[in-house]
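Participant: here is a sequence together with a model predicted from it:
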Amino acid sequence: MTLDPAHAAHLAGRARWPGIDVDLPTFSAFVHARVEAGQDPADAIPALSITDLYLVCGCLAGSADVLNGFTRAADR
């Protein structure tokens, strides 16, 4: 079974940022909004900086743990 690209991206984001909880529908809509009109999401989504977008989506969704995620990212 092949996962929908947004679902696969969600799993990658959760794996990278396990302390930040963004639900799949919210993240899927956020990611699809970044796919340009006319692009195939199956091709476009994997080319995005998914783990970074997951962190940003968590921030915009008001995740209480997202500030810690930004701090960890800045320390890389």
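Facilitator: Okay, I see it.

Participant: just give me the residue right at the centre of this structure.
Facilitator: Residue closest to the average C-alpha location in the chain (Cα atoms, centre = their mean): residue 54, at 2.7 Å.

Participant: isn't residue 28 up against residue 8?
Facilitator: No. Using Cβ atoms under 8 Å, residue 28 makes no contact with residue 8, being 10.7 Å away. For every residue, glycine as well, the C-beta is placed using N, CA and C.

Participant: thinking again about what came up before, how close does the residue nearest to the centre of the chain sit to residue 37?
Facilitator: Per Cβ to Cβ, to the nearest Å, residue 54 is found 23 Å from residue 37.

Participant: from residue 64, how far out is the residue nearest to the centre of the chain?
Facilitator: For residue 54, the distance to residue 64 - Cβ to Cβ - is 15 Å.

Participant: ok, now residue 37?
Facilitator: 34 Å.

Participant: in terms of neighbours, single out the busier of these two.
Facilitator: residue 64 (10 against 4; other Cβ atoms under 10 Å).

Participant: which parts of stretch 42-54 are buried?
Facilitator: Buried residues in stretch 42-54, counted by 16 or more other Cβ atoms under 10 Å: 44-45, 50-51, 53-54.

Participant: picking up where we left off before, more crowded one of residue 28 and residue 8?
Facilitator: Between residue 28 and residue 8, counted using other Cβ under 10 Å, the more crowded position is residue 28 (20 against 15).

Participant: contacting residues for that one?
Facilitator: By Cβ atoms under 8 Å, 6 or more residues apart in numbering, the contact set of residue 28 is 4, 6-7, 10.
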